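1. Give me a model of this one.
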Amino acid sequence: MVNAKKPATAMKKSVKPSRSPAAVAAQLSVRVKRLRAQRGWSLETLSQRCGVSRAMLSQIERGQANPTLAVTMAIAHAFELSIGELVQSPGSASSMEVIRAADRAFHFRSERNCRVRTLSPLHLEKDVEFYEVRLGRGGALRSEAHYTGTREFLTVQSGRVRVESGEDAEVLAAGDSVTYRADVAHAIVNAGEGEAVMFLVDIYH
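-> Sure thing, here's the model as predicted:
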């Protein structure tokens, strides 16, 4: 989702030993795939945003290429991250991480009728992402298909929404929950008169 930066930690980070180039390349492969899936971007979309060819991005995601510093920097900038944040390693931070309500670094998307806030820090080893979604009247959050097997779980806190997954659709009210396929085109649409607030969980397989 956009503009994710390093979260605040409750404890000071300890110094970790440097990693080998192969380990960094492997981390980068997983990281790029995960970030692209979170944003619902195709390889072509990422290519247009970073100026790196679709073929090169595909090789990077499959772990078949060791990109130059310039290429890595271009990809990091497309995700609005630093190079360090893009290739961060699991366990590099304290086991306790706090995301403050007022921290705009975790505002994945901030538009007039669609605001998405990340409630879980981005880590390479994580297969679950947690978000708060707020849709104004007429607002919608539409996504391209994620990786095969990906599912989403949504709980409506307030308002009324229509959830679409492929050819299926359901209308939910406050307190309702739904799980659906996210490896097909899917959307969350405000079907009420006021703001709708939801909690969304993405599970990658």
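
2. drop to CA atoms for contacts and neighbour counts, all remaining ones
-> OK.

3. what helices or strands is the helix or strand hosting Arg134 leaning on?
-> Following DSSP states H and E, one finds Arg134 within strand 128-135. Helices and strands touching strand 128-135, by 3 or more CA pairs under 8 Å, 6 or more residues apart in numbering; DSSP states H and E, are strand 114-118, strand 196-203.

4. so which of those strands gets nearest Asn190?
-> Among the helices and strands packed on strand 128-135, the nearest to Asn190 by CA to CA is strand 196-203 (6.4 Å).

5. follow-up on the earlier one: Val163: which of the helices and strands packed on strand 128-135 is closest?
-> Counting by CA to CA, Val163 lies closest to strand 196-203 out of the helices and strands packed on strand 128-135; the figure is 11.4 Å.

6. Would you mind pulling up the elements that that closest one packs against?
-> Secondary-structure packing of strand 196-203 (3+ CA pairs under 8 Å, 6+ apart): strand 128-135, strand 151-158.

7. Run the angle between the first one and strand 151-158 for me.
-> Angle, strand 128-135 to strand 151-158, by axes from the mean of the first three to the mean of the last three CA atoms, to 10 degrees: 40 degrees.

8. Strand 128-135: partners in the sheet, and parallel or antiparallel?
-> Sheet pairing of strand 128-135 (DSSP bridges) gives strand 114-118 (antiparallel), strand 196-203 (antiparallel).

9. got any ranges where the chain has weak pLDDT?
-> 1-24, 88-97, 104-105, 121-126 (pLDDT under 70).

10. So what's the residue count around the closest residue to Thr155 other than its chain neighbours?
-> Nearest non-adjacent residue to Thr155, counting by CA to CA, 6 or more residues apart in numbering: Ser177, 4.2 Å away. Ser177 has 15 neighbours, counted by other CA atoms under 10 Å.

11. quick one: the spatially most central residue of the chain from Asp183, how far?
-> Geometric centre of the chain, nearest residue: Gln38, 2.9 Å, by CA atoms, centre = their mean. Distance from Gln38 to Asp183, counting by CA to CA, to the nearest Å: 12 Å.

12. Need phi/psi at the residue nearest to Thr155.
-> Dihedral pair for Ser177: phi -130, psi 160, per degrees, to the nearest 10.

13. Right, I'll leave it there.
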